[in-house]
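Student: Just the structure for this:
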Amino acid sequence: MEKVYSRKFTILDHMEQAVKTIEANFDTEWLTVCTKKSNKSCQWNKKDCIPDNFESFYECQSHDFFEFFIVLDGVCNMCVEKDIIRLERGNMCIIAPQTLHSEIPIKDTSYLGIWSSFGYGRVITHISGKDSSDGYRTFLGRDISCNMVMHKYLLDLILLEHNEKKFGSINMVKAYTYQLVIGIMRNLKDITDSNTSDTSVEKELWMHDVVKEIMEFIERNITKNLTVKEISQKIAVSEHYLCAIFKSVTKKTLFQYINEFKIEKAISLLNDKNLSIKEIASSLGYCDQYYFSRYFKKNTGYSPSEYRKIMNKKV
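Tutor: Here you go, the predicted model:
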């Protein structure tokens, strides 16, 4: 099967394609609004949800923010709260906060889609796809800092119309969604630089920007035992993409980086003779001084006390 992804297209090109697809299919059933089914915890089981002819790249997950996904080419599926939704070219789904979901590619089938995540004061838009021959998944994207008032207003209206199901609600939801996508495309046009029309440059810049923000967030919250979910919520990129992007840029897993960063910070703090080992451990998010000491020794070959003595001798 022919590849569905071309590296010559920018994220703006893909968003413009999405808008044209919506316009061409406006009178058809192209939109699905996905919401959490109940307040009860939904236990997602891969064996129960994924038929044999599907692939499951990731476990289902939920976020505190809205997302939408538009299929630009090919066919894929979305698992939403144990339901499987088939998405063909031109189909779109809006995923409300706290709704379990995951892309599920069909075996030996290619697809390309565009995600937009509505975080805190910005929109993250990126490409997701699979090539039938090599399973290639893309990470082309843009971070759009913008006024979120209108975007969130439209998302709230979409959810309201969807839930109330009044006369004309289906077309109202479509109209609000169209406005939403147009708004994001305008935001993209405003920030698009002619110097980044090369997708390899655009991809590189976006991925490094995401990783830089992750690192800054880790540094600001070094006293906490951060989870991938916490970082994901702050950065407004799904947990799986966040981990994949981070490893692609740094060649390390997120937790390898966090642990190495804490060891480097600990070594720096050991230079301060006024700080006890317990205080250093606490300042780095370790609730147990002895666990910190064991982990420090595992990584440096010395306990914190031994390391401090060696540094004092050098001075």
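Student: didn't residue 288 look like it was pressed against residue 277?
Tutor: No. With contacts counted by CB atoms under 8 Å, residue 288 stays clear of residue 277, the gap being 11.5 Å. (Each C-beta comes from the backbone N, C-alpha and C, glycine too.)
Student: between these two, which one's more packed in?
Tutor: Between residue 288 and residue 277, counted using other CB atoms under 10 Å, residue 277 has the larger neighbour count: 19 against 12.
Student: Quickly find the element holding the closest residue to residue 253 other than its chain neighbours.
Tutor: Take residue 253 and drop its neighbours on the chain: the residue closest to it by CB to CB, 6 or more residues apart in numbering is residue 247, 5.8 Å away. According to DSSP states H and E, residue 247 maps onto helix 239-250.
Student: next helix or strand past that helix?
Tutor: Following helix 239-250 in sequence, per DSSP H and E, is helix 254-269.
Student: ok, and for the helix or strand that residue 176 is a member of, which residues are buried?
Tutor: Per DSSP H and E: residue 176 is located in helix 169-191. Buried positions in helix 169-191, judged by neighbour count with 16 or more other CB atoms under 10 Å: 172-181, 183-185, 187-188.
Student: how near is the residue nearest to residue 120 when sequence neighbours are not counted to residue 270?
Tutor: Distance criterion CB to CB, 6+ apart; nearest residue to residue 120, sequence neighbours excluded, is residue 236 at 6.9 Å. For residue 236, the distance to residue 270 equals 36 Å [CB to CB, to the nearest Å].
Student: Looking at those two, which is more packed in?
Tutor: When residue 236 and residue 270 are compared for neighbours, residue 236 comes out ahead with 23 against 20, by other CB under 10 Å.
Student: ok so, going back, between the helix or strand just after the helix holding residue 176 and helix 254-269, what angle do the directions make?
Tutor: Per DSSP H and E, the first helix or strand lying C-terminal to helix 169-191 is helix 199-220. Using axes from the mean of the first three to the mean of the last three CA atoms, to 10 degrees, the direction of helix 199-220 lies 50 degrees away from that of helix 254-269.
Student: quick one, helix 199-220 and helix 239-250 angle?
Tutor: For helix 199-220 against helix 239-250, the angle by the same axes, to 10 degrees is 100 degrees.
Student: and helix 199-220, how far out from the chain's middle?
Tutor: 12 Å (CA atoms, centre = their mean, to the nearest Å).
Student: One more: stretch 105-118?
Tutor: So, by CA atoms, centre = their mean, the centroid of stretch 105-118 is 14 Å from its chain's centroid.
Student: on that earlier part again, elements contacting the helix holding residue 247?
Tutor: Here helix 239-250 touches helix 199-220, helix 228-235, helix 254-269, going by 3 or more CB pairs under 8 Å, 6 or more residues apart in numbering; DSSP states H and E.
Student: before we move on, the earlier item: now flag whichever of the buried residues of helix 169-191 is closest to residue 30.
Tutor: For those, the closest approach to residue 30 (CB to CB) belongs to residue 174, at 7.9 Å.
Student: wait, doesn't the closest one sit right on residue 31?
Tutor: Yes. Residue 174 is within contact range of residue 31, at 5.7 Å (criterion: CB under 8 Å).
Student: re the thing from before, contacts for the helix holding residue 247?
Tutor: Contacting residues not belonging to helix 239-250 are listed as 57-58, 61, 126, 128, 137, 139, 207-208, 210-211, 214, 228-229, 231-232, 235, 237, 252-254, 257 [CB atoms under 8 Å, 6 or more residues apart in numbering].
Student: Buried residues, that helix. List them.
Tutor: 239-246, 249.
Student: so which pair among those residues is furthest apart in space?
Tutor: Within the buried residues of helix 239-250, two members stand farthest from each other by CB to CB: 239 and 249, at 16.3 Å.
Student: what's the following helix or strand after the helix-or-strand element of the chain with minimal mean pLDDT?
Tutor: Every helix and strand of the chain was ranked by mean pLDDT, DSSP states H and E. The lowest is helix 46-49, at a mean of 48. Sequence order places strand 66-80 as the next helix or strand after helix 46-49, per DSSP H and E.
Student: So for whatever helix or strand comes next after that next one, mean pLDDT?
Tutor: Moving toward the C-terminus from strand 66-80, the first helix or strand encountered (DSSP H and E) is strand 83-88. For strand 83-88, the mean pLDDT works out to 90.
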